[in-house]
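**Student:** Build me a model from this:
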Amino acid sequence: MYDRQLKGDETLTFGVSGMLYRNGLIMFDRQTDSLWSHILGQAISGEYKGTQLTFLPALQTDWQSWRALYPETLVVDPQLFAQDVYEDYYNSPQAGVLGQANADNKLLTKEYVIGVRLKGEVKAYPFSVLDKQPVVNDRVGEVDIVVFFDQTTASGAVFERRSPDGELLTFQAAADSPGAAVDAETGSQWNIFTGTAVSGSLKGTRLAQVPITYAFWFGWADYHGQGSVYQLDE
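**Tutor:** As a prediction, this is how the structure comes out:
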């Protein structure tokens, strides 16, 4: 997710160009017809070439979980998306519209990853690993982070793991409490979707959320092939 307002007062409106760049969707802005990479959030041609949109934190999850968190949410008419024309593509092991395979074989071509970009460093967290280790305390680009993952809904979120007063927190999954984690330093319990402490001495504290990219491995690797991949033994 990106902020479509540029510096100053100009707000862009986007459409889908129908083109791909490095196996990633390309948008266009209706103001100048510049082309933008949705993975990079950057214009790759046109008047705005090189311009970077501001990356915003977001959560991708199922409707039931989202509605529980935000019951007053407005919803785009579901009838507009009654049929997913890409269903066969999701189930196919092939990459790209033409079926070309990605040369980077660190992970399976269609492995889902949560991609993190911080301070010039990039790192991918495979769903297959997060399914076994749903809470990951890590460091990317000199920023201490925690990756939370809900196996039931395949939902993930990433937060900086320092409290507002600067204390570095270490998290683990909360026993017998789905969708929750506990920090070792205070024993406070946290909602993994919002990064908010719901009980304990830190109740009401909210961690800073880190923007992430949900992607197939082949798409992420085409843009960030030099980045690292989180493994269970780290």
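**Student:** could you point out which element follows the worst-scoring helix or strand of the chain on mean pLDDT?
**Tutor:** When the helices and strands of the chain are scored by mean pLDDT, DSSP states H and E, helix 87-91 comes last with a mean of 77. Note on helix 87-91: by DSSP states H and E, the next helix or strand toward the C-terminus is strand 112-118.
**Student:** Which neighbouring elements make contact with that following strand?
**Tutor:** In terms of contacts (3 or more C-beta pairs under 8 Å, 6 or more residues apart in numbering; DSSP states H and E), strand 112-118 is packed against strand 121-126, helix 127-130, strand 143-150, strand 155-160, strand 212-216, helix 217-224. Backbone N, C-alpha and C define where each C-beta goes, glycine included.
**Student:** Quick one: closest of the ones you listed to residue 66.
**Tutor:** Closest approach to residue 66 among the helices and strands packed on strand 112-118 (C-beta to C-beta): strand 155-160, 9.0 Å.
**Student:** hang on, residue 164 packs against residue 202?
**Tutor:** No. Residue 164 is beyond contact range of residue 202, at 9.2 Å (criterion: C-beta atoms under 8 Å).
**Student:** picking up where we left off before, adding mean neighbour count, mean pLDDT and distance to residue 114, write the helices and strands packed on strand 112-118 out as JSON lines.
**Tutor:** Formatted as JSON lines, the helices and strands packed on strand 112-118 follow (neighbours: other C-beta atoms under 10 Å; pLDDT from 0 to 100; distance: least, C-beta to C-beta, whole Å):
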{"stretch": "strand 121-126", "mean neighbour count": "21", "mean pLDDT": "96", "distance to residue 114": "5"}
{"stretch": "helix 127-130", "mean neighbour count": "18", "mean pLDDT": "96", "distance to residue 114": "7"}
{"stretch": "strand 143-150", "mean neighbour count": "22", "mean pLDDT": "96", "distance to residue 114": "7"}
{"stretch": "strand 155-160", "mean neighbour count": "22", "mean pLDDT": "96", "distance to residue 114": "5"}
{"stretch": "strand 212-216", "mean neighbour count": "21", "mean pLDDT": "92", "distance to residue 114": "5"}
{"stretch": "helix 217-224", "mean neighbour count": "24", "mean pLDDT": "89", "distance to residue 114": "9"}
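**Student:** okay if I get these as JSON lines plus distance to residue 187?
**Tutor:** As requested, the helices and strands packed on strand 112-118 are arranged in JSON lines below (distance: least, C-beta to C-beta, whole Å):
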{"stretch": "strand 121-126", "distance to residue 187": "26"}
{"stretch": "helix 127-130", "distance to residue 187": "24"}
{"stretch": "strand 143-150", "distance to residue 187": "16"}
{"stretch": "strand 155-160", "distance to residue 187": "18"}
{"stretch": "strand 212-216", "distance to residue 187": "27"}
{"stretch": "helix 217-224", "distance to residue 187": "36"}
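**Student:** wait, residue 19 sits on residue 35?
**Tutor:** Yes. Using C-beta under 8 Å, residue 19 makes contact with residue 35 at a distance of 7.2 Å.
**Student:** Quickly list what's touching both of the two.
**Tutor:** residue 26 (C-beta atoms under 8 Å, 6 or more residues apart in numbering).
**Student:** between these two, which one's more packed in?
**Tutor:** residue 35 (18 against 11; other C-beta atoms under 10 Å).
**Student:** Now for the more buried one: which residues touch it?
**Tutor:** 17, 19, 21, 26, 27, 28, 43, 44, 45, 46.
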